[in-house]
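Engineer: Give me coordinates for this.
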Amino acid sequence: MAPTRIQLALAAAAVILCTPQAVMAQEKKETTGEQTEWMKKAFALHVKSLSFQKGSAHFVTDGFFQKAGKSDFLLSRGDAFEGQSDHHASSTFTCTGVNEKEGVSIQYQSNFDHRSFGKNLISTDKGNLIVPWKK
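Structural biologist: Below is the predicted model:
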């Protein structure tokens, strides 16, 4: 016996309701450099000390920035670390250079999921900045 229209509609609704939001179609917005000033302020606020150490950068943070779960870490070119994340936002950082005079060159990627706030949008911003040495 063939399924009725109601049975087909209920089956379709069940598939939609059981599909995770991440799988469903969503709008994506990608920008470059929009969060750079905010990132500079976050580093100034959350990095307690940053020093040059044998070609690497020694970070001590308040826990907002971490590498492998630690707030006291060394970074060399190519090393990555993370910013504090929550259900909506996450940031990853990659060291692109260590300059003994200027500081640490950082490439960032920041993601924000707006879906809990009514928009079917995930925004991503990428950029670069230099974090100066801090004693």
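Engineer: so what's S110 up against?
Structural biologist: By Cβ atoms under 8 Å, 6 or more residues apart in numbering, the contact list for S110 reads 35, 39, 83, 89-91, 124-126. Every residue, glycine included, has its C-beta placed from N, CA and C.
Engineer: rerun at 7 Å
Structural biologist: Each residue near S110 by Cβ atoms under 7 Å, 6 or more residues apart in numbering is listed here: 35, 91, 124-125.
Engineer: Could you do K134 as well?
Structural biologist: Contacts of K134 by Cβ under 7 Å, 6+ apart are 47, 49-50.
Engineer: repeat for I106
Structural biologist: Residues in contact with I106 (Cβ under 7 Å, 6+ apart) are 93, 95-96, 128-129, 131.
Engineer: Going along the chain, name the helices of this protein.
Structural biologist: For the chain, the helices defined by DSSP state H cover 5-18, 36-46.
Engineer: rank these by pLDDT, which is bottom?
Structural biologist: In terms of mean pLDDT, the lowest-scoring of those is helix 5-18 (a mean of 59).
Engineer: How many residues are close by L129?
Structural biologist: Residues near L129, counting by other Cβ atoms under 10 Å, number 20.
Engineer: wait, I meant K48
Structural biologist: Using other Cβ under 10 Å, K48 has 14 other residues around it.
Engineer: quick one, what contacts the residue nearest to H114 when sequence neighbours are not counted?
Structural biologist: Closest residue to H114 apart from its sequence neighbours, by Cβ to Cβ, 6 or more residues apart in numbering: L121 at 4.2 Å. In this structure, L121 makes contact with 26-27, 29, 114, judged by Cβ under 7 Å, 6+ apart.
Engineer: In those, find the pair that's most separated.
Structural biologist: Q26 and K29 (10.2 Å; Cβ to Cβ).
Engineer: on that earlier part again, buried by neighbour count, from the contacts of I106: which ones?
Structural biologist: The neighbour-count criterion (16 or more other Cβ atoms under 10 Å) marks 93, 95, 129, 131 among those as buried.
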